[in-house]
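**Q** Have a look at this prediction, sequence included:
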Amino acid sequence: MADGVTRDDLRAAVASGVIDEGQAVSLQTLSDQRMGYRANMVGDDEPFELFKGFAEIFVTVGLGLLISGLLGLAAIFGGFALIPAAMMALSIILALYFTQRRRMSLPSIALCIAYSLGLIALMDALLPDTVSGPLYVGLAGMIAVAVYYRIFKLPFAMFVFGLFALMAVTGVVNYLEPPIPSGFATGRSVLDMFGVTRYFDLQNSPYMAIGTLIFGVLAFIGAIYFDTKDPHRVSRYASTAFWLHILAAPALVNTLVMSNYTMGGVGTILAIVILTVFTLLAVVIDRRSFLTAGLIYMGLLISQAVRDTGTDWAPVITLLVLGVFVTTLGAFWTQARAKIMSALPDFPGKDRLPPYAAGLSVSD
């Protein structure tokens, strides 16, 4: 925005306690409606901030050195068992300043990771080595990180919460189906070399695939909940939704597309339909994560179609087609979204999605 209070001003006001986040969102929404926020958004951006400058990188390096040194002291004087607890305690103490007071992005993410790794190591030291280990660690991690998010209001913490939830899903699956055999699975694509089909294919690993599907649905519901609380994406709600979409997109796309792709025949057609639906969904909710998660499967489908014609140029043609598609959609994202949203009938929550009716293209 050219004049008046900026988004950084509102963030600073929230951080200093002058106003709360709800008031900040209300003020920014009013300003956006009057001045056309989407028209003034640079480069059709989807707001995301990993770090604000090199100062945060510098502080993060310092935190890594400090935590490593203090953990070394804990190992010398307290033994190995004290290290995870010391890491968690130190991470919380440092987060009280760098996260709660300074609201520094990258150092806050690093401290959350250190806190979570300390928890995993502590649980590993306390629990016996059993098949139920991932379930207990996942549940404990979900509770601990939920409290962490409540205290520090760090969006990235919700991403870690999701990872612990996925760990708990893995623990449940360990009860329901036998362990995955070692070695490469036999299959039809390079994905089998990395075990992808074994985790996301309903035929090869049904319980894990169903688990990741349920996880993806719940993560998506949570992401949409936070998205609709901040359609103009100026507060931590939008950032929290971003991290949940990062979890939901691969879980949903991989499970549904992979399960159909490995069947071949009609399954291939269904995979194409599902990818198309997810592409439209990405445009509607104005989140590119679903489209990004599906790119590898788009490439596999295009490559298979080209190979069926008998040509040896499948890799080159696949890259060219994907490159044209992604570049074109990226360049005309907002215009395409405006037309699609205008063509869609009204549905619950449509008015709580990011604006699309005016000011969508910087070049207009």
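**A** Perfect, thanks for sending it. Numbers count the residues shown, from 1 in each chain.

**Q** which non-adjacent residue is nearest residue 340?
**A** Nearest non-adjacent residue to residue 340, counting by CB to CB, 6 or more residues apart in numbering: residue 283, 5.6 Å away. The C-beta positions use only the backbone N, C-alpha and C, and glycine is treated the same way.

**Q** any idea how far residue 220 is from the one you found?
**A** Computed as CB to CB, to the nearest Å, the residue 283 to residue 220 distance reads 15 Å.

**Q** Report how many residues lie close to residue 129.
**A** 6 (other CB atoms under 10 Å).

**Q** Give the helix, strand or coil label for it.
**A** Assigned by DSSP: H, G, I helix; E, B strand; the rest coil, the conformation of residue 129 is coil.

**Q** Tell me both backbone torsions, phi and psi, for it.
**A** phi -80, psi 90 (degrees, to the nearest 10).

**Q** ditto for residue 315
**A** Per-residue torsions, residue 315: phi -60, psi -40 (degrees, to the nearest 10).

**Q** so what's it up against?
**A** When contacts are counted by CB atoms under 8 Å, 6 or more residues apart in numbering, residue 315 is found next to residue 303.

**Q** show me where the stretch 201-350 of the chain has strands.
**A** For the stretch 201-350 of the chain, strands defined by DSSP state E, counting those that start in this stretch do not occur.

**Q** What sits closest to residue 103 if chain neighbours are left out?
**A** Among residues not flanking residue 103 along the chain, residue 15 sits closest, at 4.6 Å (CB to CB, 6+ apart).

**Q** Return the distance of that neighbour relative to residue 54.
**A** Separation of residue 15 from residue 54 (CB to CB): 20 Å.

**Q** Kindly report the same for residue 118.
**A** According to CB to CB, residue 118 stands 27 Å off from residue 54.

**Q** for residue 89, same thing?
**A** 29 Å.

**Q** These two - which one has more neighbours?
**A** residue 89 (15 against 8).

**Q** Name the helix or strand for residue 67, please.
**A** According to DSSP states H and E, residue 67 maps onto helix 54-78.

**Q** hmm, who's touching the next helix or strand after that helix?
**A** Sequence-wise, the next helix or strand downstream of helix 54-78 (DSSP H and E) is helix 82-98. If you take CB under 8 Å, 6+ apart as the criterion, helix 82-98 is touched by 59, 63, 66-67, 70-71, 74-75, 78, 104, 107-108, 111-112, 114-115, 117-122, 125, 152, 154.

**Q** Flag every buried residue along helix 82-98.
**A** Going by neighbour count (16 or more other CB atoms under 10 Å), the buried part of helix 82-98 is 82-88, 90-92, 94-95, 98.

**Q** same check, this time on stretch 98-105
**A** Of all the residues in stretch 98-105, those buried under the rule 16+ other CB under 10 Å are 98-99, 103-105.

**Q** Could you find the closest non-adjacent residue to the residue at minimal distance from the centre of the chain?
**A** For the chain, the residue sitting closest to the mean C-alpha position, by CA atoms, centre = their mean, is residue 246 at 1.9 Å. The shortest distance from residue 246 to any non-neighbouring residue, by CB to CB, 6+ apart, is to residue 289 (5.7 Å).

**Q** about what we covered before: pull out the buried members of the contacts of helix 82-98.
**A** Buried by 16+ other CB under 10 Å: 59, 63, 67, 71, 74, 104, 107-108, 111-112, 114-115, 118-122, 152, 154, out of those.

**Q** so where is the stretch 101-250 of the chain shaky, pLDDT-wise?
**A** Across the stretch 101-250 of the chain, the ranges flagged by pLDDT under 70 are 131, 178-204.

**Q** quick one, helices of it?
**A** According to DSSP state H, counting those that start in this stretch, the stretch 101-250 of the chain carries its helices in the segments 105-126, 133-152, 155-176, 196-200, 206-229, 236-261.
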